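Asker: model the structure of this input:
(chains A and B)
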Amino acid sequence: MSPTRLVAVARKEIIQILRDVRSLMIVIVMPVAMVLLFGYGVNLDLKGLPVYVLDQEGSQQSQDLLKHFQASGYFHLVRVATGYPEVRRALDDGRAKMGIVIPWNFSQSLRDGGPVPVQALVDASDDNTANVLIGYAQAVVQEYSAELQLNWLGTRGISVQPIPVSVETRTWYNEDLESSAFIIPGVLALVMSVIGAFLTSLTIAREWERGTMEQLISTPVTAMEIMLGKLTPYFVLGILDTIVGAAIAIFWFHVPFRGSFVTLLAASAMFMVVVLSLGYFISVLAKNQFAACQIALIVAFLPAFLLSGFLFPIEQMPVALQWITRIFPARYYVSVLKKIFLKGTPTAMLYADLIPLAVFTVVLALLATRSFHKRLE
Amino acid sequence: MLGRIKQMIVKEFIQVLRDKRTRFLLIGPPIIQMLIFGYAATYEIHHVATAVVDRDHSQESRDLVSRFTSSPYFDVKWQLSDSRQLGDLIDQGNATVGLEIHTGFAQQLRKGETAPLQVIVDATNSNTALIASSYISQIALGFARNYQQDRIYRIAPQLAEVMPSVVLEPRPWYNPDFSSRWFLVPGVIGSLTLVLVIMLTAFAVVREREIGTLEQIMVTPIRPAEFILGKTLPFFLIGLFDVLLIGAVGSLWFQVPFRGSIWVLIAGVVLFLLCMLGVGLLISTVSSTQQQAMVTSFFYIMPAITFSGFGFPISTMPQWMQYITYALPLRYFLVVLRGTYLKGVGMDVLWPQMLAMLCLGLGFLTVAVLRFHKALD
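Answerer: Modelled structure (predicted):
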């Protein structure tokens, strides 16, 4: 291996990157854009959703219950004048996510005693939103019911708490249940997959497609020099992107950062090598830029998005799929990211993620070096 | 003129379907992505790993714990005696939920006071934490209500019968089992179509430019409009084929119901493809290399999918973001998909979405054709 030739290939690649100013701009803007995108756009804190109210009775009592709904701050209440069809229509076309129906004999039934139902018609096509909405509504109704019972028992000379257990929940690591704190650390893995695998997947395929590979083969440069020369500029870009992304997460979105920055950098460097090797490997195999890009989507981007625990918890997947996630390095990197950012887990305790990540790094790097031969077929 | 368009279409089909690998790329990745999405993406929580510290050892505390043991949402894996162990389990990520019942729990209940249940939730995934907390409250409050009813029954049996209460009766419409799959699969159909058609269109035009065959075509008598029509029609057909293919996987494999009219869906698909071809062409007019086409497409695809309401309701996004979503065809297409699949609604509800897609599609195509003319001069 000759350093001069290595530098020459790297220079050629850098010139190619710099010549295409727009691609470079996008590569630099991408992490910023993606962190902002997910930071603002993904909001699982589902407050203020449109809820239609059908008060069939319109009495003091039913108004009282509605005031509780209003005061909870969870919903954006819209009153309905006409009746069921209007609620149905609103759920059908998505103007309402939930319809609360108070029966026409609400206060009478309460005087008669026993449980009185209040219907919550929920658009469950979005199961998560529906679940959260029902949870909020349950809380409101339960509180109202408890108040009612307390008064009722009070007037009959019995003083007991209607609901004598208080649930005191502490949410660890993400005290305010911020969606951004949960989402953003994983976005870094996504950014690196895009930069690493997508861009590099095109580098070799492009040379084949344009016919410049033959020129490259006729020079004395070795396969190893081509690979290192081509990948080093992207490695630097990727690491820079990680740092920029992390900085936005910490300083703009105030995602807590509780672990070691050095460990974060080390893990990121490993993951960068993983995705670069993967991208290079794909590039050598595909020889066609469209194919390379589609394969990169499947083996690099999708696992980082879906099978890494970035958004959907791995424990909730079918067991077979849980095993499959283990063969994708993104899983370990996302786990490291979340632990370093939110939990502040000490480096020594991260071995369960760092060791597999290191193994993948070595194996994939070796695989990539082996994959490319200077040969015309 | 028709003859020339036909020639163009034949050429394009030959190019796309020529080799086995590209043929596979039109079918394989969409199906693989659909399968991974269908299995991996879920907001549901079942069997959440739970640790319990019961320091009261009373009938009451055991009763409360048994309600968690028998719940399908929680899996009580550890019954501990020390709360420090509880913290460790959560720190290591083994347990997601920790419950702690202090000494004196039963005594407080018997005295008629409010007894606390301490809950610790790992909120690194804020969504899981939110839903788990809601289930925990339901279980604890259910226990409390029953306990108190028994108590009142013992003090004054005649009152317990007539004590009023309000209960919420949730009626989940469209998706009675709260299946995440039912929610996400129709969305995946839309997103995959978007990715495939945009990338195919953008790459196909840019490849001609990159390898220089575009000039050869332009010296033939073909006109730009004919070129565009001949170029995009094959992708339109491929897009239609892929929608049907992944739609079939959704219905047959994942058993997502289809309740609407197939013709309404097809109308929506046609309009959506129109939009996507327009976007793909637009990207191709601003890109001179395939790498540029790829990064530019990606720069469009990521926000287009995230903002469109694919995973999270648009109404929870910041207002300025909601305005952006109006320019995204996928936003409207998702409403059509979920409307026809889950809600079974027809044109009377969906026409605004169709109209919006028609306008956007015509707009994008017009701009693309105009720009294309300019790019050729």
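Asker: check which helix or strand covers residue B:169.
Answerer: strand B:164-173 (DSSP states H and E).
Asker: which other helices and strands contact that strand?
Answerer: helix A:106-112, strand A:114-123, helix A:127-155 (3 or more C-beta pairs under 8 Å, 6 or more residues apart in numbering or on different chains; DSSP states H and E). (C-beta placed from N, C-alpha, C; glycine too.)
Asker: between strand B:164-173 and the longest one, find me the angle.
Answerer: It stands for helix A:127-155. 170 degrees (axes from the mean of the first three to the mean of the last three C-alpha atoms, to 10 degrees).
Asker: with the second one instead?
Answerer: Between the axis of strand A:114-123 and that of strand B:164-173 there is an angle of 20 degrees, by the same axes, to 10 degrees.
Asker: report all helices and strands that strand A:114-123 contacts.
Answerer: Packed next to strand A:114-123, using 3+ C-beta pairs under 8 Å, 6+ apart, are helix A:84-93, strand A:98-102, helix A:106-112, helix A:127-155, strand B:164-173.
Asker: and of the ones you listed, who's closest to residue B:100?
Answerer: helix A:127-155 (21.5 Å; C-beta to C-beta).
Asker: what about the strands in chain B?
Answerer: Here chain B has its strands, by DSSP state E, at B:48-54, B:74-80, B:97-101, B:115-122, B:164-173.
Asker: from these, which stretch is densest packed?
Answerer: strand B:97-101 (a mean of 24; mean count of other C-beta atoms under 10 Å in any protein chain shown).
Asker: out of the helices and strands packed on strand B:164-173, which comes closest to residue B:196?
Answerer: helix A:127-155 (26.5 Å).
Asker: follow-up on the earlier one: residue B:203 is nearest to which of the helices and strands packed on strand A:114-123?
Answerer: The stretch from these with the least distance to residue B:203 (C-beta to C-beta) is helix A:127-155; that distance is 34.9 Å.
Asker: show the contacting residues for the closest residue to chain A within the stretch 151-300 of chain B.
Answerer: Residue of the stretch 151-300 of chain B nearest chain A, by C-beta to the nearest C-beta: residue B:162 (3.1 Å). Taking C-beta atoms under 8 Å, 6 or more residues apart in numbering or on different chains, we find residue B:162 in contact with A:112, A:113, A:114.
Asker: check residue B:149 too.
Answerer: Residue B:149 neighbours (C-beta under 8 Å, 6+ apart): B:160, B:163.
Asker: and what of the one 3 residues further on?
Answerer: When contacts are counted by C-beta under 8 Å, 6+ apart, residue B:152 touches A:153, A:158, A:160, B:159, B:160, B:163.
Asker: shaky segments in the chain?
Answerer: Reading this off chain A. For chain A, the stretches with pLDDT under 70 are A:44-45, A:81, A:374-377.
Asker: my question was about chain B, not that one.
Answerer: Of all residues in chain B, those with pLDDT under 70 make up the ranges B:1, B:374-377.
Asker: can I see the domain layout of it?
Answerer: Chain B is divided into the following domains under automatic domain parsing: B:9-41+B:179-376, B:48-162.
Asker: chain center to the shortest one, what's the gap?
Answerer: So that's domain B:48-162. Relative to its parent chain, domain B:48-162 has a centroid offset of 33 Å by C-alpha atoms, centre = their mean, to the nearest Å.
Asker: ends of that domain, how far apart?
Answerer: One end of domain B:48-162 to the other measures 38 Å (C-alpha to C-alpha, to the nearest Å).
Asker: stretch A:361-377: how far from the chain's middle?
Answerer: 32 Å.
Asker: okay, buried residues for it please.
Answerer: Buried residues in stretch A:361-377, counted by 16 or more other C-beta atoms under 10 Å in any protein chain shown: A:361, A:364, A:365, A:368, A:371, A:372.
Asker: now, the residues you listed that are in helices?
Answerer: A:361, A:364, A:365, A:368, A:371 (DSSP state H).
Asker: okay if I get those residues as a markdown table plus distance to chain B?
Answerer: Listed next are those as a markdown table, based on distance: C-beta to the nearest C-beta, whole Å:
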| residue | distance to chain B |
| --- | --- |
| A:361 | 22 |
| A:364 | 20 |
| A:365 | 23 |
| A:368 | 20 |
| A:371 | 17 |
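Asker: could I get those residues as TSV with distance to residue A:106?
Answerer: Listed next are these as TSV, based on distance: C-beta to C-beta, whole Å:
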residue	distance to residue A:106
A:361	65
A:364	65
A:365	69
A:368	70
A:371	72
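Asker: contact residues of the stretch 251-377 of chain B facing chain A?
Answerer: B:289-292, B:294-296, B:298-299, B:302-303, B:306-307, B:311-313, B:315-318, B:321, B:335, B:338-339, B:342-343, B:345, B:349 (C-beta under 8 Å from any C-beta of the partner chain).
Asker: residue B:187 contacts residue B:335, doesn't it?
Answerer: No: in terms of C-beta atoms under 8 Å, residue B:187 does not count as a neighbour of residue B:335; the distance is 10.5 Å.
Asker: can you get me the start-to-end distance on stretch A:244-260?
Answerer: Note: stretch A:244-260 ends 17 Å apart using C-alpha to C-alpha.
Asker: let me redo that: stretch B:333-342
Answerer: End-to-end distance (C-alpha to C-alpha), stretch B:333-342: 14 Å.
Asker: that stretch: how far from the chain's middle?
Answerer: A distance of 12 Å separates the centroid of the chain from that of stretch B:333-342, by C-alpha atoms, centre = their mean.
Asker: and what of stretch B:27-38?
Answerer: 14 Å.
Asker: count the residues that sit near residue B:363.
Answerer: When counting by other C-beta atoms under 10 Å in any protein chain shown, one arrives at 13 neighbours for residue B:363.
Asker: residues contacting residue B:263?
Answerer: Counting by C-beta under 8 Å, 6+ apart, residue B:263 makes contact with nothing.
Asker: and it, how close does it get to residue B:347?
Answerer: Per C-beta to C-beta, to the nearest Å, residue B:263 is found 9 Å from residue B:347.
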